[in-house]
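Peer 1: Got a sequence here, can you model it:
(one chain, ligands or ions: 1)
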Amino acid sequence: MTKHRIAFLNGSLRKDSLHKRLGLAITAATAGRLDIVAIEIGDLPLYNQDKDGDAAPPQYAAFREAIGGCDGLLFGSPEYNRGITGALKNAIDVGSRPYGKSVYSKKPAAVFSGSPGLTGGFGSNHALRQACVFLDVPVMQQPEAYWGMLSDQKIAADGTISDEMLGKFVAGFAHAFADWVDLIAAGRAKLAENPA
Ligand code: FNR
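Peer 2: Predicted structure coming up:
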């Protein structure tokens, strides 16, 4: 089976980000199946439609190329004020333009969110899923991942999870995502063989 390359986009720019740690845990759990690479979003200037085309900030081309070179998308989506973070929204907007040239289109994706609080980032998770509908990004439906009550104690900086229940949930999510990527890739290959 092909090892698909996956772009990991983390909505948090924080050095000690829990989502970064969860991304590392998912990367480790799927190491034999997926090649997950973290794509930087913190250096992208705020999107301005006036600068589509030649006036675009130089960081945009590198970002779009990096996403374009991947077969799928893994989103870590922290919740800021019940929505997705500004950094992630900006990355979504940058990759979605110029019009008709979105680099996200049709790439299989998964969204996870977490929070030190109880609700586990449900609001941001679903706000991002809503954007994925418009972006034509097929998002894994189950398992949903709203990991509440997260802490540095439960998940170390290298992604090692000490909480047994969380560890099992994250590993299950990771493998379901690898299955999802394989499924979409297989479907696409079949369609290419037998176009309608
Ligand atoms: C938060 N946080 C938060 N948590 C939550 O469950 N719902 C929310 O609406 C918010 N809002 C919010 C706004 C802002 C500006 C900050 C800085 C934080 C807490 C947030 O979930 C927590 O900081 C996470 O740890 C962020 O993820 P990372 O940075 O650890 O990956």
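Peer 1: Is any residue of stretch 150-168 near the ligand?
Peer 2: No. Between stretch 150-168 and the ligand, judged by CB under 6 Å from any ligand atom, nothing touches; the nearest distance is 6.6 Å. The C-beta positions use only the backbone N, C-alpha and C, and glycine is treated the same way.
Peer 1: Distance across that stretch, terminal residue to terminal residue?
Peer 2: End-to-end span of stretch 150-168 (CA to CA, to the nearest Å): 14 Å.
Peer 1: Show the average pLDDT along that stretch.
Peer 2: Mean per-residue pLDDT for stretch 150-168: 98.
Peer 1: moving C-terminal of the helix or strand containing Phe8, what's the next helix or strand?
Peer 2: Under the criterion of DSSP states H and E, Phe8 resides in strand 4-10. For strand 4-10, the following helix or strand on the C-terminal side (DSSP H and E) is helix 18-29.
Peer 1: contact partners of that following helix?
Peer 2: Helix 18-29 is touched from outside by 8, 10-12, 14, 34, 36, 38, 74, 76-78, 112-114, 116, 147, 150-152, 155-161, 167, 170-171, 173-175, 177, with contacts defined as CB atoms under 8 Å, 6 or more residues apart in numbering.
Peer 1: Tell me the strands beside the strand holding Phe8, with direction?
Peer 2: Strand pairing for strand 4-10, determined by DSSP bridges: strand 34-38 (parallel), strand 72-76 (parallel).
Peer 1: Tell me which residues touch Ile39, please.
Peer 2: So Ile39 contacts Ala7, Phe8, Leu9, Phe63, Ala66, Ile67, Cys70 (CB under 8 Å, 6+ apart).
Peer 1: now Ser17
Peer 2: So Ser17 contacts Asn10, Gly76, Pro78 (CB under 8 Å, 6+ apart).
Peer 1: That'll do, ta.
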